[in-house]
Structure formats: C-alpha cells, structure tokens
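A.B. asks: What follows is a protein structure lacking sequence information:
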C-alpha cells in the first residue's frame, strides 16, 4: 500500500477533484479562475504531480474555498502554528505598494493602541504581528 492510499483524508488529487465538482466547475473553468493549465489540474487530480508549488496549492485553495493548510498537510507539510503577519498578506493578496502597506500598518497600529488603552489590564495585549513594510515585493 503506498502513502497516497494510506492517508485517511484521501489524496490531494481526490480532495481537489471533489471540491471542483462540488463547485460545479470544469477543469477549463478552474483553469480560467486560477491560471493553472487544465493539463496540470488534470495531472494533479490524478495524483501524477509529486510536488506542486505552494503558490499552486494556495491558488487552488482560494478558488475552491478550501483551507490551504489542509492541502499542505496532504502533501506532508505541517500546518502553521502561528498567524502570519499582516503585511505579507496584504502584499500578496492585494499587490499593495510599500506606501500603502505602511499606511495600513499605521492605521492598524492606531486601532490596536486605541483598544489596548480601553482595556483595564496591567499587561497590554500582544497580537503577535511582525511588521515588515520595508521588505520589497519579490513575488
């Protein structure tokens, strides 16, 4: 028995095919939505691709309304244990320029400060965000 049949969650290909069919999409429809060729999608559904890229898995997860961590887990990767920072998300999702990222950072910091001061706590809340607005966009 190989690794793909031993997984009780099924395979990556099965998960993608089931989600695509549930959404009522053809391979060509999914290609139009994700920009991933229908040939590659077909090979993914047949589990003929051993190592699809993280970007491919994220685009499929977004298009099919799946949790990308579930897709990564099916590939043998451990899911994240911490939330990512906001800046890379805004950069990747909305392709915001550095000035807009800095503005979003300032706005969020103001909101956090406002609500931290409203708390009757000796210890301020830590939201675990790491701001890196100076990092350039390399994708």
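C.D. replies: Yep, that arrived. The structure presented is a predicted model; accordingly, all values stated were derived computationally and were not measured. Numbering: from 1, shown residues only.

A.B. asks: Walk me through the domains of this protein.
C.D. replies: 3-74, 82-139 (automatic domain parsing).

A.B. asks: Name the single longest helix found in this protein.
C.D. replies: Determined from DSSP state H, the single longest helix within the chain is helix 98-117.

A.B. asks: just checking, what packs against it?
C.D. replies: The contact analysis (3 or more C-beta pairs under 8 Å, 6 or more residues apart in numbering; DSSP states H and E) places helix 98-117 against helix 86-94. (Glycine included, C-beta is placed from N, CA and C.)

A.B. asks: on that earlier part again, buried deepest among the domains of the chain, which one?
C.D. replies: Highest mean neighbour count among these (mean count of other C-beta atoms under 10 Å): domain 3-74, with a mean of 15.

A.B. asks: Out of the domains of the chain, which gets the lowest mean score?
C.D. replies: Lowest mean pLDDT within the domains of the chain: domain 82-139, at a mean of 66.

A.B. asks: which SSE is residue 13 in?
C.D. replies: Assigned by DSSP states H and E, residue 13 falls within helix 12-22.

A.B. asks: Now find how far off-centre that helix is within its chain.
C.D. replies: For helix 12-22, the separation from the chain centroid amounts to 17 Å (computed by C-alpha atoms, centre = their mean, to the nearest Å).

A.B. asks: rewinding a little: relative to helix 86-94, how tilted is the longest helix of the chain?
C.D. replies: Counting by axes from the mean of the first three to the mean of the last three C-alpha atoms, to 10 degrees, helix 98-117 lies at 130 degrees to helix 86-94.

A.B. asks: hmm, who's touching the next helix or strand after the helix holding residue 13?
C.D. replies: Following helix 12-22 in sequence order, the next helix or strand is helix 27-34 (DSSP H and E). Contacts with helix 27-34, where a contact means C-beta atoms under 8 Å, 6 or more residues apart in numbering, come from 20, 25, 36-38, 41-42, 45, 59-60, 62-64.

A.B. asks: quick check, nearest of these to residue 87?
C.D. replies: residue 62 (19.0 Å; C-beta to C-beta).
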